[in-house]
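# Fold the following.
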Amino acid sequence: MAVRSFLSALLTLVAMAAAVLAVPSLWLDLRIVDQQGFVSMVAPMAENPEVQEYLADEIAAQATARTDIPIAAPLVRPLAEKYTESEQFRLDFADVAGQQHAFLFTEPAPGTDPSVMQLDISGMINRALGLAGTPNAITEPVVVDLTTGASGLEAGSYARAGEQITLLARVSAAVAVIAGLAALVFARRRSTVFAWLGLGVVIAGASTWLIGLFFADRAKQEVAGAESSGRKVAGLIIDGMYDDLTRVAVVVGGAGVAMFVVGVLARLITAGRR
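The predicted model follows:
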């Protein structure tokens, strides 16, 4: 019996520790490292007025500078604004988000400047001009610099870290589940072990929130070198990611509280029958 209790306690501690690692690493893997997960998370930012204004300004400025279409600059801006309020813009914004992700998580091609994040908005410009019935006049990529070399970000800077996060997420999640189930199998009082596992999940949720708070602040420091509007948009995206992580942390923490309460109640009920 002493051996079973020891094994159960040890496995419970292992499961709790693994859960603390698994929750934030799984979120990072599914919502940051995975490109589709990242795009789906930041795509709703296309509806943010500040994001729309920033890209409308960029589209108008680039269209005016790069085309010989006889449309005065003051008329281009309303077209760009109308475009940013359209459903097509939301689709294009998702593409831009994918470009940002590729910059950070893909090794740069030879000959490119790894210190500057550039976004190709030629498609956006053509679709904005198309609202006036103007034929697409942009045939070459139109890129804007979202960061400068002073930002600290470089192309592919998170490629290796992404691979490590994916591995950590899968291993820690597997360990947490297997160790938790094994702890319940060996336990003499499964309700007590279940309560402890719930406490571990609560700690995992709380630590995830704290980790998100730390990295959100760090990410904003890394984009501090961007020009004013670009920095504001990057900050909005970072805030959106932090909000998503916070929701996950709250759900996980709530699940842990429920597990803890169920475990305690079950322990009280079974103890009262003796």
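
# how about the helix or strand hosting residue 40: buried residues?
Residue 40 belongs to helix 35-42 when assigned by DSSP states H and E. Using 16 or more other CB atoms under 10 Å as the test for burial, helix 35-42 gives 35, 37-39, 41-42. Yep, even glycine has a C-beta here, placed from its N, CA and C like the rest.

# list the helices and strands the helix or strand where residue 252 lies packs on?
Using DSSP H and E, residue 252 sits within helix 228-272. Judged by 3 or more CB pairs under 8 Å, 6 or more residues apart in numbering; DSSP states H and E, helix 228-272 is in contact with helix 2-28, helix 35-42, helix 49-66, helix 190-222.

# rewinding a little: distance to residue 210 and pLDDT for the buried residues of helix 35-42 - can I get that in JSON lines?
JSON lines is the format used below for the buried residues of helix 35-42 (distance: CB to CB, whole Å; pLDDT from 0 to 100):
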{"residue": "35", "distance to residue 210": "26", "pLDDT": "90"}
{"residue": "37", "distance to residue 210": "22", "pLDDT": "92"}
{"residue": "38", "distance to residue 210": "22", "pLDDT": "89"}
{"residue": "39", "distance to residue 210": "26", "pLDDT": "88"}
{"residue": "41", "distance to residue 210": "20", "pLDDT": "89"}
{"residue": "42", "distance to residue 210": "22", "pLDDT": "85"}
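
# For residue 107, give me phi and psi.
phi -60, psi 140 (degrees, to the nearest 10).

# now it, nearest residue through space, not along the chain?
Among residues not flanking residue 107 along the chain, residue 156 sits closest, at 4.1 Å (CB to CB, 6 or more residues apart in numbering).

# Then residue 44?
residue 240 (7.3 Å).

# Run a quick neighbour tally on the one you found.
When neighbours are counted by other CB atoms under 10 Å, residue 240 registers 17.

# Now do the domain split for this structure, please.
Using automatic domain parsing, the domain ranges for the chain come out as 2-33+158-272, 43-151.

# Let me see the mean pLDDT of the longest one.
Looking back up the chat, that one is domain 2-33+158-272. Averaging pLDDT along domain 2-33+158-272 yields 89.

# chain center to that domain: distance?
Computed by CA atoms, centre = their mean, to the nearest Å, the chain-centroid distance of domain 2-33+158-272 equals 16 Å.

# Tally up the residues packed near residue 238, please.
19.

# Then residue 239?
Counted with other CB under 10 Å, residues neighbouring residue 239 total 15.

# Surely it is in contact with residue 213?
No - contact criterion CB atoms under 8 Å: residue 239 and residue 213 do not qualify, at 11.6 Å.

# just to revisit the earlier point, can you give me the angle the helix holding residue 40 makes with helix 49-66?
Relative orientation of helix 35-42 versus helix 49-66 (axes from the mean of the first three to the mean of the last three CA atoms, to 10 degrees): 110 degrees.
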